[in-house]
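**Q** what's the 3D shape of this:
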Amino acid sequence: MSFSGKFVLESREKYKDFLDAIGVKQVEIDNEDFVTDMYQGAYFRIAKFMGSDVWTNTFMFGREVEMEDMDGTTFKTTVRLEGNKLKIQFPKYVYTAEIAGDKLVETNTIGGITNKMVSKRQAI
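**A** Numbering: from 1, shown residues only. Predicted coordinates for the structure are as follows:
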């Protein structure tokens, strides 16, 4: 199934713990203000809208790319598609995303902390 679509956050687990672990300032955002917009074609784009903040990265699978972390730090990585999961190795954590029905399931893992976010696809 294609990742393309807009997804509104329904639930999140250990989000504050994850932000603390990576050293990012916590901003309280309601779930409906946390939207992920993905595009999958010749290239892949992930845009996260978190209240008034926007975080965007564009890449091609299997090719080294310069990306930006949530705190604005740039780094180089190679994004992989492993089975049906998108996987990005950030400097401090590992991000994975997969589509399960009409849901986007994202996990961020750093040390013993795993943050899980589940978002529902918006109707077009």
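**Q** Identify the residues contacting the lowest-mean-pLDDT helix or strand in the chain?
**A** Least confident helix or strand, the chain: helix 15-22 with a mean of 88, by mean pLDDT, DSSP states H and E. Here helix 15-22 makes contact (CB atoms under 8 Å, 6 or more residues apart in numbering) with 25-26, 69-71, 92-93, 108, 110-111, 113, 115, 117. Where C-beta positions appear, they are placed from N, C-alpha and C, glycine not excepted.
**Q** For it, list every residue counted as buried.
**A** By neighbour count on 16 or more other CB atoms under 10 Å, the buried set for helix 15-22 is 15, 18, 19, 21, 22.
**Q** which non-adjacent residue is nearest the second one?
**A** Spelled out, that is residue 18. Among residues not flanking residue 18 along the chain, residue 115 sits closest, at 3.6 Å (CB to CB, 6 or more residues apart in numbering).
**Q** what bridges to the one you found?
**A** residue 108 (DSSP bridges).
**Q** Was I right to think it contacts residue 9?
**A** No. Between residue 115 and residue 9 there is no contact under CB atoms under 8 Å: 12.0 Å.
**Q** Most neighbours among the contacts of helix 15-22, please name it.
**A** Within the contacts of helix 15-22, most neighbours by other CB atoms under 10 Å means residue 108, with 24 neighbours.
**Q** quick one, what contacts it?
**A** Counting by CB under 8 Å, 6+ apart, residue 108 has contacts 18, 93, 94, 95, 114, 115.
**Q** Provide the partner residues of the fourth one in its beta bridges.
**A** Under the criterion DSSP bridges, residue 95 forms beta bridges with residue 88, residue 108.
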